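# next one to model:
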Amino acid sequence: MQRYLPLIVLIVLASLIACRTPKPIPTSASPIFPIPVVTPSDTQPVSEVPTFLPSVSPIAVVTGDLLNVRSGPWPDYPKLGEVKKGARLKIVAKDRTEGWLLVCCVNKREGWVFSGFVQIEGSLTGVPVAEAAEPPPTPFTKDTIREPLRTATPTK
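Predicted coordinates:
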């Protein structure tokens, strides 16, 4: 047994060293980021719990066979393109009367469609009101076409 005593002592010491818990490393007296302590007297009752709902844009589904998409909210604005029946367009904005809807995207551009030719999926309540960038162009009629100005003909 005396012959194995150094081996037993070595095993015991090795196991003690392996099981020893490390001492904490001392740090500065004040922490870098102080942690606030909340006590029951510090808390205020919550009057309203915020509700986070996903923002879902309403969709305009084309009901007519072919719908013109225009650069502004009126038939006098230039046509940007056309969409076929069943096309689904994201509603981006509306005019004040909700008669025209700004939709995305036709030919990679936003454009205006008349709301009477689409079915709206969702609510227009949260949709912002937008104004046209510029007034509609004046259509050419016999009242808007003027005679050219007559100038005096030079004489020799």
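# tell me how many other residues crowd residue 73.
Around residue 73 sit 24 other residues, with neighbours defined as other C-beta atoms under 10 Å. Where C-beta positions appear, they are placed from N, C-alpha and C, glycine not excepted.
# contact partners for the closest residue to it other than its chain neighbours?
Leaving aside its chain neighbours, residue 73 sits nearest to residue 100 (3.4 Å; criterion: C-beta to C-beta, 6 or more residues apart in numbering). Each residue near residue 100 by C-beta atoms under 8 Å, 6 or more residues apart in numbering is listed here: 73-74, 94, 112-115.
# so residue 100 versus residue 82, what's the distance?
The gap separating residue 100 from residue 82 is 16 Å, by C-beta to C-beta, to the nearest Å.
# next, the residue lying closest to residue 65 once chain neighbours are set aside: phi, psi?
Distances taken as C-beta to C-beta, 6+ apart place residue 85 nearest to residue 65, at 5.2 Å, with adjacent residues excluded. Residue 85 adopts backbone torsions of phi -60, psi 130, taken as degrees, to the nearest 10.
# residue 85: neighbour count?
12.
# need the contact list for it.
Contacts of residue 85 by C-beta under 8 Å, 6+ apart are 62-66.
# repeat the analysis, applying 10 Å as the threshold.
By C-beta atoms under 10 Å, 6 or more residues apart in numbering, residue 85 lies in contact with 61-67, 117.
# ditto for residue 99
Residue 99 sits in contact with 73-74, 112, 114-116, where contact means C-beta under 10 Å, 6+ apart.
# and which of these is nearest residue 131?
Of all the contacts of residue 99, residue 73 has the smallest distance to residue 131: 8.5 Å, by C-beta to C-beta.
# now the helices for the chain?
5-19 (DSSP state H).
# output the lowest mean pLDDT helix or strand found in it.
helix 5-19 (a mean of 65; mean pLDDT, DSSP states H and E).
# phi first, then psi, for the closest residue to residue 70 other than its chain neighbours.
Distance criterion C-beta to C-beta, 6+ apart; nearest residue to residue 70, sequence neighbours excluded, is residue 77 at 4.2 Å. Backbone torsions of residue 77, given as degrees, to the nearest 10, read phi -70, psi 150.
# please consider this matter closed, and thank you.
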